[in-house]
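> Sharing a model prediction with you, sequence too.
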Amino acid sequence: MLLRAMLLMLMFFAVPVFADERFVHVERTQIPTRKRIEYFGVKYAVQWTFYLTTQYETIQDHGSFRNWQKNPLSPHFDRDNFENNVIRHTLAGASYYLFYRSRGYSESQAFLWSNLSSLAFEFTIETFTERPSYQDLALTPTLGTVAGIGAEKLSAYFHEKKVLPGRILGFLFNPYSVLPRASYEFRAIPVIREGHFGALLEWRY
């Protein structure tokens, strides 16, 4: 089989071209199942730790193994206040989303796994003291993903300033960007600037 090379287009054009360094998310196209289970397990362990340390008094007053048995079978619409239903659960959902993004997940994958983490919390952890909440199951991953996307973009914006205050703000908006092997890095990205010229050369085989 002959390999033919044909020059399709050689066109010099007066478009401004410049390479700028951006702080970007690097998606991992292939994440082994073992790693996915490991990441989910790490987040699950953090959920347990957070619950046991922040809800100690509630567990003492209302927790029981009987609740663990019956509560998962009777989810309901809770009557929690706005702060708990919206603000706290949005922050929790954003934490799930940003964690999975730091492991290389795409936005849609991070949203999916945020839903799974929310389900795990509602049906296997919080049931020790209360019934699963329909609002929490819907709002935690949904609002959390929206907030997480915004936080990730703000984090990248401040990281790109490359000054200490900016880097600190970048880590504050996305603490998971400081984790070992986090899927974020600086990359040279072509951007349009005035006063620069380039050439487009395309080959097809």
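That came through, no problem.
> can you list the weak-confidence ranges in this structure?
In the predicted model of the chain, residues 1-19, 191-205 satisfy pLDDT under 70.
> can you give me the helices for it?
Here the chain has its helices, by DSSP state H, at 33-54, 56-62, 65-70, 82, 89-102, 107-124, 134-159, 164-173.
> after the third one, next one along is what?
For helix 65-70, the succeeding helix or strand toward the C-terminus, using DSSP states H and E, is helix 82.
> Quick one: list the elements packing against that following helix.
Contacts defined by 3 or more CB pairs under 8 Å, 6 or more residues apart in numbering; DSSP states H and E place helix 82 against no helix or strand at all. Any C-beta I mention is one placed from the backbone N, CA and C, and that applies to glycine too.
> hang on, the earlier thing: which among the helices of the chain is found nearest to residue 21?
For the helices of the chain, proximity to residue 21 was assessed by CB to CB; helix 134-159 is nearest, at 10.2 Å.
> packing partners for the closest one?
Using 3+ CB pairs under 8 Å, 6+ apart: helix 134-159 touches strand 18-25, helix 89-102, helix 107-124, helix 164-173, strand 184-191.
> Pull the residues that contact the fourth one.
Counting by CB atoms under 8 Å, 6 or more residues apart in numbering, helix 164-173 makes contact with 23, 151-152, 154-161, 177-178, all of which sit outside it.
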